[in-house]
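Peer 1: Sequence first, then the predicted structure, then my questions.
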Amino acid sequence: MTKKSKKLQKFEADRADYTDREIQMEMLYTNWLIINATEKTRANTSTIVWVIAIGIILSVISAVMAVVW
């Protein structure tokens, strides 16, 4: 059997008296936090992709305009 860290022992001691419902609610809340953080990351990534794409498009347009003129 492996030795439990003090953090794990404290974690288990703090939750020793939890009911099944309390454990499920804690898990649900944790999942909700993860989903929100993931959505923020997705939104930020999408914004970065659009900024880069617009920059590339403007660069191509300016290069074409320079050749035409």
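Peer 2: The structure has been received and is ready for your questions. The structure presented is a predicted model; accordingly, all values stated were derived computationally and were not measured. Numbering: from 1, shown residues only.
Peer 1: From now on I want contacts and neighbour counts done on CA atoms only, so please keep to that.
Peer 2: Will do.
Peer 1: Tell me where this protein has helices.
Peer 2: With helices called from DSSP state H, the chain shows them at 6-14, 20-68.
Peer 1: so what's residue 58 scoring on pLDDT?
Peer 2: Looking at residue 58, its pLDDT stands at 98.
Peer 1: Could you number the chain from 566 rather than 1 from now on?
Peer 2: Yep, numbering from 566; the last one is residue 623 now.
Peer 1: Count the neighbours of it for me.
Peer 2: For residue 623, the neighbour count with other C-alpha atoms under 10 Å is 12.
Peer 1: Can you tell me how far it is from residue 617?
Peer 2: 10 Å (C-alpha to C-alpha, to the nearest Å).
Peer 1: Dump the least confident helix or strand in the chain by mean pLDDT to PDB, keeping only the CA atoms.
Peer 2: Every helix and strand of the chain was ranked by mean pLDDT, DSSP states H and E. The lowest is helix 571-579, at a mean of 94. Output of helix 571-579 as PDB, limited to C-alpha atoms (Å, rounded to 0.1, in the frame of the first residue of the first chain):
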ATOM      1  CA  LYS A 571      -0.700  15.000   3.800                       C
ATOM      2  CA  LYS A 572      -2.800  16.900   1.200                       C
ATOM      3  CA  LEU A 573      -4.600  13.700   0.300                       C
ATOM      4  CA  GLN A 574      -5.200  12.800   3.900                       C
ATOM      5  CA  LYS A 575      -6.600  16.300   4.600                       C
ATOM      6  CA  PHE A 576      -8.700  16.100   1.400                       C
ATOM      7  CA  GLU A 577     -10.200  12.700   2.500                       C
ATOM      8  CA  ALA A 578     -10.700  13.900   6.100                       C
ATOM      9  CA  ASP A 579     -12.600  17.000   5.000                       C
END
